[in-house]
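Asker: Show me how the following folds:
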Amino acid sequence: MKRVVVIGLGIFGFNIVKELHESGFEVIAVDKNREAVQRVRDCSTKAILADGTDREIMEAIGVQEDDCVIISFGEDLAAATLITLHLRQMKVKTIIVKAPNEEHKLILEKVGATEVMIPEKEIAHKVAKSLISPNVMDFLPLSDDYMIFEIAPPNNFLGKTLAELQLRRRYRIEVIAVRDIVSDNIQMVPKADFVIKDGEILVVIGKEKDIRAIK
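Answerer: Predicted coordinates:
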């Protein structure tokens, strides 16, 4: 399992550290703010009080090529850019950076970030999707056209088999899994005679416009 180094322990960085550590990852948390480091000490493998933009400190910490480094500096583009450059020079293969907007994202990608996230944009996108298609619980883009969606089945789906619903013919979507909300059990690639019950979530693949047609 990869070691993860999180630099910047604001709300985003703190929660990344906590969740990864609880999932069994070795997580090194770094920040120059003493209070932030104290807060994360009990939910990380190691919490270090240091300036993440200092390359010598990164080398002293022992950041390695195969580590995954997550940079979370809010809107401080200069700091995020500088540490991204340092990590590229250190040949770190996975550099994930939080950015506030598309302009910052473009700059960070140019200097070597392997992935740039804009959390506020992604959250806004999900909220908008939930209003446009209220039965959509979550989604994962696969391409410009196709996505994987988690949808709450409408009442008229309940008690019917997948064969009866004919989702491929009527809506051009495929059910690839069904998840039980209570037990969290997942039925992968359910058969045509699978009966949809209350308390289940359908995991489907298709185009967004076709998902919207399901009322």
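Asker: Could you use CA atoms for every contact and neighbour count after this?
Answerer: Will do.
Asker: Okay, and the residue of the chain most remote from its centre sits in which element?
Answerer: Using Cα atoms, centre = their mean, the residue of the chain lying farthest from its centre is E164. It sits 34.8 Å away. If you go by DSSP states H and E, E164 is part of helix 162-165.
Asker: Tell me the secondary structure at V17.
Answerer: helix (DSSP: H, G, I helix; E, B strand; the rest coil).
Asker: wait, isn't it in contact with T45?
Answerer: No: taking contacts as Cα atoms under 8 Å, V17 lies outside contact range of T45: 9.2 Å.
Asker: list residues touching both of the two?
Answerer: The contact sets of V17 and T45 overlap at 27, 29 (Cα atoms under 8 Å, 6 or more residues apart in numbering).
Asker: Neighbour count for those two, which is higher?
Answerer: A count of neighbours by other Cα atoms under 10 Å puts V17 above the other of V17 and T45, at 27 against 18.
Asker: Distance of the nearest residue to T94 once chain neighbours are set aside relative to A47?
Answerer: The shortest distance from T94 to any non-neighbouring residue, by Cα to Cα, 6 or more residues apart in numbering, is to C68 (4.9 Å). The gap separating C68 from A47 is 16 Å, by Cα to Cα, to the nearest Å.
Asker: quick one, helices of the chain?
Answerer: 11-22, 34-40, 55-61, 77-89, 102-110, 119-132, 162-165, 167-171, 208-212 (DSSP state H).
Asker: Of the ones you listed, which stretch is the most buried?
Answerer: helix 77-89 (a mean of 19; mean count of other Cα atoms under 10 Å).
Asker: got the angle between it and helix 102-110?
Answerer: Orientation check (axes from the mean of the first three to the mean of the last three Cα atoms, to 10 degrees): helix 77-89 against helix 102-110 gives 20 degrees.
Asker: Would you mind pulling up the elements that helix 77-89 packs against?
Answerer: Applying 3 or more Cα pairs under 8 Å, 6 or more residues apart in numbering; DSSP states H and E, one finds that helix 77-89 makes contact with strand 94-98, helix 102-110.
Asker: Format these as TSV; extra columns: distance to R34 and mean pLDDT.
Answerer: Shown next, in TSV, are the helices and strands packed on helix 77-89 (distance: least, Cα to Cα, whole Å; pLDDT from 0 to 100):
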stretch	distance to R34	mean pLDDT
strand 94-98	21	94
helix 102-110	27	91
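Asker: Can you pull the domain assignment for this structure?
Answerer: Following automatic domain parsing, one gets these domains for the chain: 3-118, 129-212.
Asker: which ones are touching the spatially closest residue to V178 that is not a sequence neighbour?
Answerer: In space, and not counting its chain neighbours, V178 is closest to L202: 4.7 Å by Cα to Cα, 6+ apart. Taking Cα under 8 Å, 6+ apart, we find L202 in contact with 149-153, 175-179.
Asker: ok, residues contacting stretch 81-89?
Answerer: Outside stretch 81-89, the residues that reach it (Cα under 8 Å, 6+ apart) are 52-55, 95, 107-108, 111-113.
Asker: can we see that at 10 Å?
Answerer: 7, 51-56, 58-59, 63-65, 69-71, 73, 78-79, 90-97, 104, 107-114 (Cα atoms under 10 Å, 6 or more residues apart in numbering).
Asker: same check, this time on stretch 154-167
Answerer: 135, 168, 171-175, 190-200, 204, 214-215.
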